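**Student:** Just a sequence and a predicted model for now, questions to come.
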Amino acid sequence: MEKLEDQTVLVFNDILELELTPEIIRSVPKNLVLTHRVVPAHIDAKSITIALSDHTNPAAIDDIRFFIDYELKLVYAKEDSIEGLI
């Protein structure tokens, strides 16, 4: 398990303004989104950016890594903003 301190976590202030395409929405299984309260924010050929409100939760990061086949990038967003998208 990678220590979260070793990862760069950016702050995402305007998460509610994201255009979530069907591809982005389908990129993370719904059960992971609901269980860990995360939102896929961006996806490209090599990586996926996930917004989360608790970047200190290694179980969430491990679960997401297990179920997706992309390099994982993390951004921090306020919990109420994430809830607004879920």
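**Tutor:** Right, received. Where do you want to start? Numbering: from 1, shown residues only.

**Student:** ok, longest helix in the protein?
**Tutor:** Criterion DSSP state H: the longest helix present in the chain is helix 58-67.

**Student:** any idea how far that one is from the chain center?
**Tutor:** Centre-to-centre, helix 58-67 and its host chain are 10 Å apart (Cα atoms, centre = their mean, to the nearest Å).

**Student:** before we move on, what about stretch 29-46?
**Tutor:** 5 Å.

**Student:** Mean pLDDT per helix and strand in this protein: which one sits at the bottom?
**Tutor:** When each helix and strand of the chain is scored by mean pLDDT, DSSP states H and E, strand 9-11 comes last, with a mean of 53.

**Student:** Check which helices and strands the longest helix of the chain sits against.
**Tutor:** The helices and strands touching helix 58-67, judged by 3 or more Cβ pairs under 8 Å, 6 or more residues apart in numbering; DSSP states H and E, are helix 30-36, strand 71-76. Any C-beta I mention is one placed from the backbone N, CA and C, and that applies to glycine too.

**Student:** could you redo the last one with a cut-off of 10 Å?
**Tutor:** Judged by 3 or more Cβ pairs under 10 Å, 6 or more residues apart in numbering; DSSP states H and E, the packing partners of helix 58-67 are helix 30-36, strand 38-43, strand 47-52, strand 71-76.

**Student:** which stretches of this protein have low pLDDT?
**Tutor:** For the chain, applying pLDDT under 70 flags the ranges 1-14, 16.

**Student:** just checking, Leu20 is part of a helix?
**Tutor:** No. Using DSSP: H, G, I helix; E, B strand; the rest coil, the assignment for Leu20 is coil, not a helix.
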